[in-house]
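S.K.: no sequence for this one, just the structure:
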């Protein structure tokens with residue numbers, strides 16, 4: 001079997017960002033609405049700094065308003081929640097995102113619960129999660145949505161009837177991506193790090209979503225020949241070949257081992273991560289439409 005096709009996040013994220021840009025221009029010209037995304041960063045985690053910067057760039061490139069609020073790592077939970085409530089009440093803000101992780105003194109769940117569900121562009125509020133599991137329209141978590149877009153593009157003949165295996169059960173990725181695939185009429189199995197017969201289950205997957213957070217945990221030999229593999233994992237491992245103390249990124253799947261078995265696979269980096277940012281600005285436009293009683297465009 002020929003090596004798997006790379007599912008390039010850059011290609012699909014660029015396409016989605018161009019669609020978003022077009023709809024932002026129409027909202028401005030036809031309705032006088034400029035979608036606005038507010039991001040709150042508590043502390044100075046280096047990875048979070050990069051994510052926030054990339055989100056700001058993508059937001060501005062789409063013609064949207066980008067607002068960033070930085071708070072010290074000593075900020076109290078009530079101070080963060082007060083900022084969220086302030087943004088909830090601001091009509092110029094259509095999407096609110098608090099960058100996680102937050103410092104230990106702040107409850108991540110309380111932050112999520114405080115965000116107005118109509119502005120919850122991360123799709124994590126229990127109301128949005130419940131709407132997704134009920135098959136109702138709402139704001140969908142960005143990374144799972146990005147996975148679905150790439151799966152749709154990579155699977156020939158449509159998704160209906162395919163067996164999808166999701167390795168990982170988090171509220172952020174595993175559970176919502178499983179629900180999205182169910183909504184596409186896939187047969188879905190959710191596995192995780194404690195699944196006893198994981199190689200056997202992975203080997204049944206027409207579509208494999210790896211989101212367990214363990215570097216190269218899924219071996220290439222487990223992959224069903226011809227499967228489509230979406231690797232959500234972003235794991236930092238030592239890279240002594242690059243110099244002392246250097247690190248590199250790897251996924252949850254042994255990429256090299258999977259190349260000769262999968263029909264298509266996302267690289268790490270360069271795969272799902274780029275789609276996450278594109279889906280965030282997509283969700284902000286969707287939220288702006290919904291908040292103003294406008295139909296959500298079919299191509300979003």
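M.R.: Thanks, I have the structure now. Note that the coordinates shown come from a computational prediction; the quantities given were computed from them, not determined experimentally.

S.K.: got the contact list for stretch 231-250?
M.R.: For stretch 231-250, the surrounding residues in contact (Cβ atoms under 8 Å, 6 or more residues apart in numbering) are 143, 147, 168, 173, 209-216, 251-253, 255, 265-269, 271-273. Glycine gets a C-beta too; all of them are placed from N, C-alpha and C.

S.K.: now the end-to-end length of that stretch.
M.R.: One end of stretch 231-250 sits 10 Å from the other (Cα to Cα, to the nearest Å).

S.K.: wait, residue 299 sits on residue 20?
M.R.: No. In terms of Cβ atoms under 8 Å, residue 299 does not count as a neighbour of residue 20; the distance is 9.8 Å.

S.K.: neighbour count for those two, which is higher?
M.R.: More neighbours sit around residue 20 than around the other of residue 299 and residue 20, counting by other Cβ atoms under 10 Å; the figures are 29 against 9.

S.K.: quick one: contacts for the most centrally placed residue in the chain?
M.R.: The chain has residue 143 as the residue nearest its centroid, 1.2 Å off, counting by Cα atoms, centre = their mean. For residue 143, the contacting residues are 172-173, 177, 232, 272, 275-276, 279, by Cβ under 8 Å, 6+ apart.

S.K.: ok, so of the residues you listed, who is nearest residue 65?
M.R.: Each of the contacts of residue 143 was scored against residue 65 by Cβ to Cβ, and residue 279 proved nearest at 18.4 Å.

S.K.: that closest one against residue 146, yeah?
M.R.: Yes. Between residue 279 and residue 146 a contact is recorded at 4.8 Å, counting by Cβ under 8 Å.

S.K.: that older thread, widest-spaced pair of the contacts of residue 143?
M.R.: 172 and 275 (14.3 Å).

S.K.: more crowded one of the two?
M.R.: The neighbour count for residue 172 versus residue 275, taken as other Cβ under 10 Å, is higher for residue 275 (26 against 18).

S.K.: all set, thanks.
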